[in-house]
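In: Okay, here's the prediction I keep looking at, along with the sequence it came from:
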Protein chains: 2
Amino acid sequence: MRIDELPTPALVVDREVLERNLATMARAWPGRRLRPHVKAHKTSGLARLQADRGHRGFTCATVREVEVMAAAGLGEDLLLANEVLDMRRLGAVVESGARVTVAVDSDAVLAAAVAGGVREVLVDVNVGLPRCGCDPADAGRLADAARAAGLEVRGVMGYEGHLMMVADPVERAERTAGAMALLQKAHADVGGDVVSGGGTGTWRANTVVTELQAGSYALMDSAYAAQDDVPFGQALTVLATVVSVNRSQGYAVADAGLKAFGMDHGNPTLPGAAVWYCSDEHTVFSAKDGAALPAVGDRVRLVPAHVDPTCALHERMWVVDGDDVVDSWPVDMRGW
Amino acid sequence: MRIDELPTPALVVDREVLERNLATMARAWPGRRLRPHVKAHKTSGLARLQADRGHRGFTCATVREVEVMAAAGLGEDLLLANEVLDMRRLGAVVESGARVTVAVDSDAVLAAAVAGGVREVLVDVNVGLPRCGCDPADAGRLADAARAAGLEVRGVMGYEGHLMMVADPVERAERTAGAMALLQKAHADVGGDVVSGGGTGTWRANTVVTELQAGSYALMDSAYAAQDDVPFGQALTVLATVVSVNRSQGYAVADAGLKAFGMDHGNPTLPGAAVWYCSDEHTVFSAKDGAALPAVGDRVRLVPAHVDPTCALHERMWVVDGDDVVDSWPVDMRGW
């Protein structure tokens, strides 16, 4: 199939750019040193490419992601890097033979792990992001409680999410070192082999974790691409058809809108165009930099500002090599 | 089932508020005077309630919405109020026995209707919103071209979407009258029985259209609720579980985030709380107005800022009466 035959809007992945991103990250964080985060793409077909590169452990954000990865035969070492209060479905995944480790940051979540039949945990430590994670000073106590309850404590995790978008690489590195010092201190109290954390924004800055939880690097978005020291290419675009053109007012309308893009980081972008706004099923844009307005029926490829919630809106990802559609994967980890 | 047994995040509809919204709108715009827009909820189960109130014609924004509505037996009079370049799937819906009318604003879209096997159209007129719609002065010519091509021209549509959020009701009414004057002028050139337009924001201001395309009124969101003269109640919330609480820093974390909320109108809100931010699977908030922070395991009900893209992120809608879950509907019109 040719790309022009795809129904729009369509989530399109450039195979060459994807392969290059995977190769670049695998050189810096080889094998088990990288624990790719599947929340970024929610697609087991793409996770399989990451496993083929040697990354056999994965990070998940939802119970559904754990279930689908295990069912896809990618359950060798799944970390649910998130707090969950009802772990019965995770216990069933463990029973099926997959390895599941969960984050715990409170006695309530620890009790849920025991009740749900999950046997391995990481103590989730707050390293400065105002979200989940226990006080670093409480990590040792929580590890002791987990072991007393019969759980295996594999180590710690701490996500410096508040530092991913720090623009200056030097400042980002310094603040990441500070955050990771908190994690190291907690690790000394907790024990275990695993120190898990980091992301695409700190792939260079983080020199402490034993495994990096990066996800966005594979497909990328315009928010991460704005960082100087993040060399991953834009593999993901949303293909749209121009359905209306207003030449007197100088704008065109493409058939991909709020239901095709994660909007929390702002509007999608389009090379050679100024995006005016998005509505439910439309993006309105004018031409700039001397570009011409397209005609009705033309196709455009918009760049999402935030990859994760964008993927969650689509049923399928189409893999292209130039103008040829060479593969497609269901976005099979959507929902909860 | 009780609401506390629902897995979270969950899209929850308050039946009593929904029924009241439907009744209020049906009094002002009875029967065929209202053409409910299904893009707001994407749920044929909810559309059936609207049909039961006497609204037998529906507005759609995507081909998928038309297909699902027809398959659900709600295809008596479906308007695709959007421009589409490949109408073959719509032609198949017509063949199946449903009535499908499409918006056309250019010769290219008109040709697509003919090629795809669609037989009825409305001329889509630009009434000030910079999006689709032909120049009002071109409407008559387009109608003539459509009739010459063998199409039935039922009338005009014009959506004053740029006026839905005008805060002052008097200004909104005045500007709506101006926009509708453009539509009336085009209608005089086009002919036909139908003058279609309007939405929840102009349900009172629009005194011109023969049918109102309102959708959000059924479930509502915090953006529309901010308007003084929009009396519809908040029927839709997203139920979430508190998974982490940081008492020293004074915040709590609920398990619904960017993948559970349309974010283009901003963060969701929570009564008695200040929402700090959302990340992929979390909303972080502190208590205000003397409210206490919740405990881990507590449930909260967040109010989406924009209903349409919020519904598009969920697989199912749960209908509740107090604490009882009394029904559930698949959100079956997602995707394209």
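Out: Yep, that arrived. These numbers were taken from a predicted model, which means no experiment stands behind them.
In: For residue A:286, see how far away residue A:295 is.
Out: Residue A:295 sits 15 Å away from residue A:286, going by C-beta to C-beta, to the nearest Å. C-beta: built from backbone N, CA, C; applies to glycine.
In: Give me the more crowded residue out of the two.
Out: For residue A:295 versus residue A:286, the count of surrounding residues by other C-beta atoms under 10 Å in any protein chain shown is larger for residue A:286: 16 against 12.
In: in the sheet, who's paired with that one?
Out: residue A:274 (DSSP bridges).
In: Strands of the stretch 101-250 of chain A, start to end?
Out: Per DSSP state E, counting those that start in this stretch, the stretch 101-250 of chain A carries strands over the ranges A:120-124, A:152-158, A:194-197, A:211-212, A:236-246.
In: for these, which one sits closest to chain B?
Out: Of all the strands of the stretch 101-250 of chain A, strand A:236-246 sits nearest to chain B, with 4.0 Å by C-beta to the nearest C-beta.
In: Just list what the closest one packs against, helices and strands only.
Out: If contacts are counted by 3 or more C-beta pairs under 8 Å, 6 or more residues apart in numbering or on different chains; DSSP states H and E, strand A:236-246 sits against strand A:10-14, strand A:251-254, strand A:299-302, helix A:307-311.
In: most tightly surrounded among those?
Out: Of these, the one with the most neighbours on average (mean count of other C-beta atoms under 10 Å in any protein chain shown) is helix A:307-311, at a mean of 27.
In: what packs against that one?
Out: In terms of contacts (3+ C-beta pairs under 8 Å, 6+ apart), helix A:307-311 is packed against strand A:236-246.
In: strand partners of the strand it packs on, parallel vs antiparallel please.
Out: Its sheet considered, strand A:236-246 pairs with strand A:10-14 (antiparallel), strand A:251-254 (antiparallel), strand A:299-302 (antiparallel) by DSSP bridges.
In: mind putting these in TSV, distance to residue B:316 and mean pLDDT included?
Out: Below are the strands paired with strand A:236-246 laid out as TSV (distance: least, C-beta to C-beta, whole Å; pLDDT from 0 to 100):
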stretch	distance to residue B:316	mean pLDDT
strand A:10-14	22	98
strand A:251-254	30	98
strand A:299-302	29	98
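In: Which one of the ones you listed lies nearest to residue B:60?
Out: strand A:251-254 (17.2 Å; C-beta to C-beta).
In: The closest one: how far from the chain's middle?
Out: 30 Å (C-alpha atoms, centre = their mean, to the nearest Å).
In: what about dumping the CA coordinates of that strand to CSV?
Out: Below are the C-alpha coordinates for strand A:251-254, written out as CSV (Å, rounded to 0.1, in the frame of the first residue of the first chain):
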residue,chain,number,x,y,z
TYR,A,251,-5.8,29.4,5.5
ALA,A,252,-6.3,25.6,5.0
VAL,A,253,-8.1,23.0,7.1
ALA,A,254,-6.7,19.5,7.7
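In: The longest helix along chain A - contacts with which helices or strands?
Out: Criterion DSSP state H: the longest helix present in chain A is helix A:169-190. Contact here means 3+ C-beta pairs under 8 Å, 6+ apart; on that basis helix A:169-190 packs against helix A:139-148, strand A:152-158, strand A:194-197.
In: quick one on the thing from earlier: select, out of the strands of the stretch 101-250 of chain A, the one closest to residue B:12.
Out: Short answer: strand A:120-124, nearest of the strands of the stretch 101-250 of chain A by C-beta to C-beta, at 28.1 Å.
In: Once you drop chain neighbours, what's closest to residue A:278?
Out: Nearest residue to residue A:278, sequence neighbours excluded (C-beta to C-beta, 6 or more residues apart in numbering or on different chains): residue A:257, at 4.6 Å.
In: meant to ask about residue A:159, not that
Out: Nearest residue to residue A:159, sequence neighbours excluded (C-beta to C-beta, 6+ apart): residue A:197, at 5.4 Å.
In: How about the residues of the stretch 201-336 of chain A by chain B?
Out: Proximity of the stretch 201-336 of chain A to chain B (C-beta under 8 Å from any C-beta of the partner chain) is limited to residues A:241, A:243-246, A:248-249, A:251, A:253, A:255, A:258-259, A:262-264, A:276, A:278-282, A:284, A:295-297, A:306, A:308-309, A:312-315, A:334-336.
In: May I have the phi/psi pair for residue A:328?
Out: Main-chain torsions, residue A:328, degrees, to the nearest 10: phi -150, psi 150.
In: Could you pull up the residues touching the residue lying closest to it once chain neighbours are set aside?
Out: Distance criterion C-beta to C-beta, 6+ apart; nearest residue to residue A:328, sequence neighbours excluded, is residue A:318 at 4.9 Å. With contact set as C-beta atoms under 8 Å, 6 or more residues apart in numbering or on different chains, residue A:318 has these partners: A:3, A:6, A:10, A:11, A:12, A:13, A:239, A:325, A:327, A:328.
In: go with 7 Å
Out: The contact partners of residue A:318, by C-beta atoms under 7 Å, 6 or more residues apart in numbering or on different chains, come to A:6, A:10, A:11, A:12, A:13, A:325, A:328.
In: picking that back up, tell me how many other residues crowd the residue nearest to residue A:278.
Out: 27.
In: Can you give me the buried ones in the helix or strand hosting the residue nearest to residue A:328?
Out: Assigned by DSSP states H and E, residue A:318 belongs to strand A:316-321. Within strand A:316-321, the residues that count as buried by 16 or more other C-beta atoms under 10 Å in any protein chain shown are A:316, A:317, A:318, A:319, A:320.
In: That strand vs strand A:236-246, what angle?
Out: 100 degrees (axes from the mean of the first three to the mean of the last three C-alpha atoms, to 10 degrees).
In: chain center to the helix or strand bottoming out on mean pLDDT in chain A, what's the gap?
Out: Counting by mean pLDDT, DSSP states H and E, chain A has its least confident helix or strand at helix A:222-225, which shows a mean of 86. Distance of helix A:222-225 from the chain centroid (C-alpha atoms, centre = their mean) equals 13 Å.
In: so what's the spatially closest residue to residue A:259 that is not a sequence neighbour up against?
Out: Closest residue to residue A:259 apart from its sequence neighbours, by C-beta to C-beta, 6+ apart: residue B:312 at 4.6 Å. Counting by C-beta under 7 Å, 6+ apart, residue B:312 touches A:259, A:313, B:42, B:334.
In: residues of stretch A:188-201 that come out buried?
Out: Under 16+ other C-beta under 10 Å, the buried positions of stretch A:188-201 are A:189, A:190, A:192, A:194, A:195, A:196, A:197, A:198, A:199, A:200, A:201.
In: Look up how far residue A:162 lies from the last one.
Out: With the distance defined as C-beta to C-beta, residue A:201 ends up 10 Å from residue A:162.
In: who's in contact with residue A:313?
Out: Residue A:313 touches A:259, A:260, B:312, B:313, counting by C-beta under 7 Å, 6+ apart.
In: would you turn the residues you listed into CSV with distance to residue B:38 and pLDDT?
Out: Conversion of those to CSV gives the following (distance: C-beta to C-beta, whole Å; pLDDT from 0 to 100):
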residue, distance to residue B:38, pLDDT
A:259, 13, 98
A:260, 17, 98
B:312, 12, 97
B:313, 16, 98
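In: Find me the pLDDT at the residue sitting nearest the centre point of chain A, would you?
Out: What sits nearest the mean C-alpha location of chain A, by C-alpha atoms, centre = their mean, is residue A:40, with 2.4 Å. On pLDDT, residue A:40 comes in at 98.
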